[in-house]
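K.L.:
Compute the structure for the input listed below.
(one chain, ligands or ions: 2)
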Amino acid sequence: MTSTFRIAPSILSADFARLGEEVERVIDAGADVIHFDVMDNHYVPNLTVGPLVCAAIRPLTQATIDVHLMVKPVDRIVPDFAKAGANIISFHPEASEHVDRTIGLIRENGCRAGLVLNPATPLACLDHVLGQLDLVLIMSVNPGFGGQTFIPYTLDKVRAVRARIDDLGRDVWLEVDGGVKVDNIAEAARAGADTFVAGSAIFGAGDYRATISAMRAELARV
Ligand code: DX5
Ligand code: ZN
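P.N.:
Ligands and ions are numbered 1, 2, ... in the order given. Sure thing, here's the model as predicted:
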């Protein structure tokens, strides 16, 4: 079991009219990673931001920018996000015709590669590629919107992926995304997650520092 926990606010719930300030505020408040949700109104029924916005926030922080691509197809846009300063690029296997090729493309472009499993996506998609991944992201809601309710059975998937990562013996981040709050973050950590995306729980609260500190206090008890 890992003891390094990372909190990754999702900018999806930030005030987009003041995005740069929001990124700086949430990092000042103790966040470790900026989670950057990219939606295309095709793979998911919502539309957000692209590489231009990633490039605009890049100079504002040294923190890891964790780009979560909810787009189909995937490959065309990967080099653009790499040039825009992404550190991690993750994608959904259903959105790529050739998962191995997409992972290679992300790494050739100098980024760490992640695979994202929807609640109903079988773990079998990791069978042959886990050794090439830097991150596995377990969706604890169906992708497309912030503010949804955490789906409890996804914790079983977190436990199963944690066991696979531990068997592998490499440092692969295990991230959960969707409906993570102060009152359930410890349960996700006990299941084996080490990186926690939280959008509405952090940006929906007035005091970012208080919320992130409350999350860390929960994690300290795991
Ligand atoms: C959903 C996104 C999530 C979302 C999380 O498709 O991938 O990152 O913004 O938001 P909350 O924490 O509000 O569920
Ligand atoms: Zn996300």
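K.L.:
all contacts plus neighbour counts: C-alpha atoms, from now on.
P.N.:
Noted.
K.L.:
Now stretch 70-87: buried residues?
P.N.:
Neighbour counts over stretch 70-87 (16 or more other CA atoms under 10 Å) mark 70-75, 78-82, 84-87 as buried.
K.L.:
Which of those residues fall within helices?
P.N.:
78-82 (DSSP state H).
K.L.:
so what's A55 closest to, chain neighbours aside?
P.N.:
What sits nearest to A55 in space, not counting adjacent residues and going by CA to CA, 6 or more residues apart in numbering, is A84, at 4.3 Å.
K.L.:
Check whether that neighbour really touches P51, as I assumed.
P.N.:
Yes. The criterion here is CA atoms under 8 Å, and A84 meets it with P51 at 5.7 Å.
K.L.:
what's the burial count for A63?
P.N.:
15 (other CA atoms under 10 Å).
K.L.:
Closest to ligand 1 out of the buried residues of stretch 70-87?
P.N.:
Each of those was scored against ligand 1 by CA to the nearest ligand atom, and M70 proved nearest at 7.5 Å.
K.L.:
Check that closest one and give its pLDDT.
P.N.:
Note on M70: pLDDT of 99.
K.L.:
now it: how far from A31?
P.N.:
According to CA to CA, to the nearest Å, M70 and A31 sit 23 Å apart.
K.L.:
With R216 instead?
P.N.:
Taking CA to CA, one finds R216 at 10 Å from A31.
K.L.:
Looking at these two, which is more packed in?
P.N.:
A31 (21 against 18).
K.L.:
Contact partners for that one?
P.N.:
Contact analysis of A31 by CA atoms under 8 Å, 6 or more residues apart in numbering lists 6-9, 212.
K.L.:
redo that, cut-off 7 Å
P.N.:
Contacts for A31 (CA atoms under 7 Å, 6 or more residues apart in numbering) come out as 7-9, 212.
K.L.:
In JSON lines, list the residues you listed along with secondary structure and distance to ligand 1.
P.N.:
Formatted as JSON lines, those follow (DSSP: H, G, I helix; E, B strand; the rest coil; distance: CA to the nearest ligand atom, whole Å):
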{"residue": "I7", "secondary structure": "strand", "distance to ligand 1": "11"}
{"residue": "A8", "secondary structure": "strand", "distance to ligand 1": "9"}
{"residue": "P9", "secondary structure": "strand", "distance to ligand 1": "8"}
{"residue": "I212", "secondary structure": "helix", "distance to ligand 1": "13"}
